[in-house]
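Student: this one's structure only:
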């Protein structure tokens, strides 16, 4: 009996005192995805990568708004969104205290403005994404002429690009004749 | 509207109309229950088609390390004894009726907890043909504990919240793009081709998530030009003291030197 008591005293208490004291979270723990809305370019790479569709993107072409939304209740904390994010806007935080009473508190939303096409005026891509691509083109080491040509296409929607291409091709054929 | 499949998918929207609606009188009884329950909380676990990851974490919360019994939380084997019902799993078609039977068997007032990503919303299985998508499609839920699975600490936090001991930390966020929001590519001082090659190699060697983090740390190391990068990298590796990291970062360093040697 005395031996047992001595053993118990030697081993001490195993139980952690959470929640009265904060619990130690291991490095590399993947908690709630933290979204920095200022760094997000609304490119939707995360929404495509997200296996359970916890991250979704909805595009309202009439209002010119793209909404990024995260539903934490569906997230499986795989970190694919952090991997694919080109700007580092999403990082998996160490935050695990996510229980809520109201389901609406599990949603995060961010609205981004869309740019209108220079030719036809329809909304087609987020303003921030176009700026980002422009900056990336400047860094890419392409020749200035080529980069200028590509940059001119940034403000045009895919439909107008196709029309332009067709016009160019027809023009080339007519020159041949 | 915000891309929640439960509202956009007509099939799921139709299902949520079958959910039981709570009597307001029971709401008052529930407040009395929370006041009187103190340290005698009997929990019944209803597995509605989960993968058992959540069950493992619930039992991990019962182990001496986390020991939820110090709050009087006890898992019982019959819903007739239960104060709290924990619904795990994505609520499959064939587990819906057993879940309803467990709900009706538990005496009023009772607290219902949706546990895990599947219990909250159907999780990764949300769009399967045989999945109702979460406990709240069938029973009124008081507390949602997200996680895949929730860690034992998250479980304790969720139960403490259900019993009104701790308050909710998570709040909905709605950001609207303001003027002067511009994003530029990171590490503009490192050539784009080198950046791509280093990230690609780091991910190939370390896996997707760690690879990106290692590449980011490496960019941080080669940015400072106060001393040659060999010294910076060696100091970093000695500090980390991880042979796997040493292997990967040495490869990244050789790519860096190959790029600058070719120039």
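Tutor: The structure has been received and is ready for your questions. Every value quoted in this text rests on a predicted model; they were computed, and no experiment measured them.
Student: all contacts plus neighbour counts: C-alpha atoms, from now on.
Tutor: OK.
Student: quick check: the residue nearest to residue B:233 when sequence neighbours are not counted vs chain A, distance?
Tutor: Once flanking residues are discounted, residue B:233 sits nearest to residue B:221: 6.6 Å by C-alpha to C-alpha, 6 or more residues apart in numbering or on different chains. Distance from residue B:221 to chain A, counting by C-alpha to the nearest C-alpha, to the nearest Å: 18 Å.
Student: do the same with residue B:255
Tutor: Note on residue B:255: its distance to chain A, by C-alpha to the nearest C-alpha, is 19 Å.
Student: what helices or strands is the helix or strand containing that residue leaning on?
Tutor: Here residue B:255, judged by DSSP states H and E, is contained in helix B:243-262. Here helix B:243-262 touches helix B:192-206, helix B:208-223, helix B:229-240, going by 3 or more C-alpha pairs under 8 Å, 6 or more residues apart in numbering or on different chains; DSSP states H and E.
Student: what mean pLDDT does that helix get?
Tutor: For helix B:243-262, mean pLDDT is 90.
Student: how about the strands in the chain?
Tutor: Going with chain A. A:33-35, A:55-60, A:65-71, A:90-92, A:107-116, A:123-126 (DSSP state E).
Student: looking at chain B here, not the other one
Tutor: Using DSSP E, the strands found in chain B span residues B:41-47, B:73-75, B:84-88, B:111-115, B:143-145, B:173-176.
Student: what's the second one in contact with?
Tutor: For strand B:73-75, contacts defined as C-alpha atoms under 8 Å, 6 or more residues apart in numbering or on different chains pick out B:39-45, B:68.
Student: how about the first one?
Tutor: Residues from elsewhere that reach strand B:41-47, judged by C-alpha under 8 Å, 6+ apart: B:72-79, B:81-89, B:99, B:102.
Student: for residue B:212, give me its contacts.
Tutor: Neighbours of residue B:212 in contact, by C-alpha under 8 Å, 6+ apart: A:83, B:199, B:202-203.
Student: related to what we said a few turns ago, please tabulate the contacts of strand B:73-75 in TSV, including the columns neighbour count, distance to residue B:109 and pLDDT.
Tutor: What follows is these, written out as TSV (neighbours: other C-alpha atoms under 10 Å in any protein chain shown; distance: C-alpha to C-alpha, whole Å; pLDDT from 0 to 100):
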residue	neighbour count	distance to residue B:109	pLDDT
B:39	13	17	82
B:40	13	14	87
B:41	21	13	89
B:42	19	13	92
B:43	22	13	92
B:44	23	14	93
B:45	21	17	92
B:68	24	22	89
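Student: what does the stretch 151-263 of chain B put close to chain A?
Tutor: B:151, B:153-154, B:156-158, B:161-162, B:168-177, B:181-186, B:188, B:191-193, B:208-209, B:212 (C-alpha under 8 Å from any C-alpha of the partner chain).
Student: which ChimeraX command selects the buried ones in those residues?
Tutor: Command for ChimeraX that selects the buried part of those, burial taken from 16 or more other C-alpha atoms under 10 Å in any protein chain shown:
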select /B:151,153,154,156,157,158,161,162,168,170,177,183,184,185,192,208,209,212
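Student: which one is the residue nearest in space to the middle of chain A nearest to, not counting chain neighbours?
Tutor: Taking C-alpha atoms, centre = their mean as the criterion, residue A:46 is the residue nearest the geometric centre of chain A, at 4.5 Å. Leaving aside its chain neighbours, residue A:46 sits nearest to residue A:81 (4.5 Å; criterion: C-alpha to C-alpha, 6+ apart).
Student: gap between the residue nearest to the centre of chain A and residue A:12?
Tutor: 46 Å (C-alpha to C-alpha, to the nearest Å).
Student: also residue A:18?
Tutor: For residue A:18, the distance to residue A:12 - C-alpha to C-alpha - is 17 Å.
Student: tell me which of the two has more neighbours.
Tutor: Set residue A:18 next to residue A:12 and count neighbours by other C-alpha atoms under 10 Å in any protein chain shown: residue A:18 wins out with 14 against 9.
Student: next, the contact list for that one, please.
Tutor: B:66, B:153.
Student: what about it, distance to residue A:133?
Tutor: Distance from residue A:18 to residue A:133, by C-alpha to C-alpha: 47 Å.
Student: residue ranges with poor pLDDT in chain B?
Tutor: B:1-17, B:225-226, B:263 (pLDDT under 70).
Student: what residue is smack in the middle of chain B?
Tutor: residue B:147 (2.7 Å).
Student: any idea how many residues pack against the closest residue to it other than its chain neighbours?
Tutor: Once flanking residues are discounted, residue B:147 sits nearest to residue B:116: 4.9 Å by C-alpha to C-alpha, 6+ apart. With neighbours defined by other C-alpha under 10 Å, the count for residue B:116 comes to 35.
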